[in-house]
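**Q** Build me a model from this:
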Amino acid sequence: MRPFHLAFPVTDLEQSIDFYSTVLGCETGRRKPESCVLNLFGHQIVAHLVPEMPAISTNPVDGKSVPAMHFGVVLTMEQWYELRNRLESEAVDFVIGPYERYQGLPGAQATMFLKDPSGNHIEFKAFGDDQAIFDKKW
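**A** Sure, this is the predicted structure:
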């Protein structure tokens, strides 16, 4: 599978680079005064400096208020637990703390949400069975 590319807005580029590098472990790539390429688990994300952030709406999902606009990565369970343990040990503030969503149902998944300094919401999830990633059953 090829890496995906995602461009996203930030209001403070240096603060964002620090967050993605330090908290999430991303390596930086090309940098300009208005943008920076980051490696998020092998995927290319690009932070673009903007004067202000758009408003974020939420939707109810499994009893939680999930930001409708977010991005993230589907990890292996091992990667998810490693990241969860590291983030918890560093006392990272979660928007939605680590838990298993839809327990016992098709599509059951481990998930956690955090927010970058500009307010972008990032979800990290993992499935016990990768077939459930694109499964049509609910």
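
**Q** CA only for contacts and neighbour counts going forward, please
**A** Fine.

**Q** Mind listing what's buried along the longest helix seen in the chain?
**A** Across the chain, the longest stretch assigned as helix under DSSP state H is helix 77-89. Within helix 77-89, the residues that qualify as buried are 77, 80, 81, 83, 84, 87, counting by 16 or more other C-alpha atoms under 10 Å.

**Q** mind putting those in a markdown table, distance to residue 56 and pLDDT included?
**A** Formatted as a markdown table, the buried residues of helix 77-89 follow (distance: C-alpha to C-alpha, whole Å; pLDDT from 0 to 100):
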| residue | distance to residue 56 | pLDDT |
| --- | --- | --- |
| 77 | 28 | 96 |
| 80 | 25 | 98 |
| 81 | 28 | 98 |
| 83 | 25 | 98 |
| 84 | 24 | 98 |
| 87 | 24 | 97 |
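
**Q** Could you pull out the buried residues of stretch 123-130?
**A** So, applying 16+ other C-alpha under 10 Å, buried residues of stretch 123-130: 123, 124, 125, 126, 127.

**Q** Just the ones of those residues in strands?
**A** Counted as lying in strands by DSSP state E, out of the buried residues of stretch 123-130, are 123, 124, 125, 126.

**Q** Which strand or helix spans the residue nearest to residue 6 when sequence neighbours are not counted?
**A** Leaving out its chain neighbours, the residue that sits closest to residue 6 by C-alpha to C-alpha, 6 or more residues apart in numbering is residue 45, at 4.7 Å. Using DSSP states H and E, residue 45 sits in strand 43-49.

**Q** show me where this protein has helices.
**A** 13-18, 77-89.

**Q** Same list (the ones you listed) but as JSON lines, adding distance to residue 32.
**A** Shown next, in JSON lines, are the helices of the chain (distance: least, C-alpha to C-alpha, whole Å):
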{"stretch": "helix 13-18", "distance to residue 32": "10"}
{"stretch": "helix 77-89", "distance to residue 32": "28"}
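
**Q** contacting residues around the residue of the chain most remote from its centre?
**A** Within the chain, residue 137 marks the point farthest from the mean C-alpha position, 24.4 Å out by C-alpha atoms, centre = their mean. By C-alpha atoms under 8 Å, 6 or more residues apart in numbering, the residues touching residue 137 are 106, 107.
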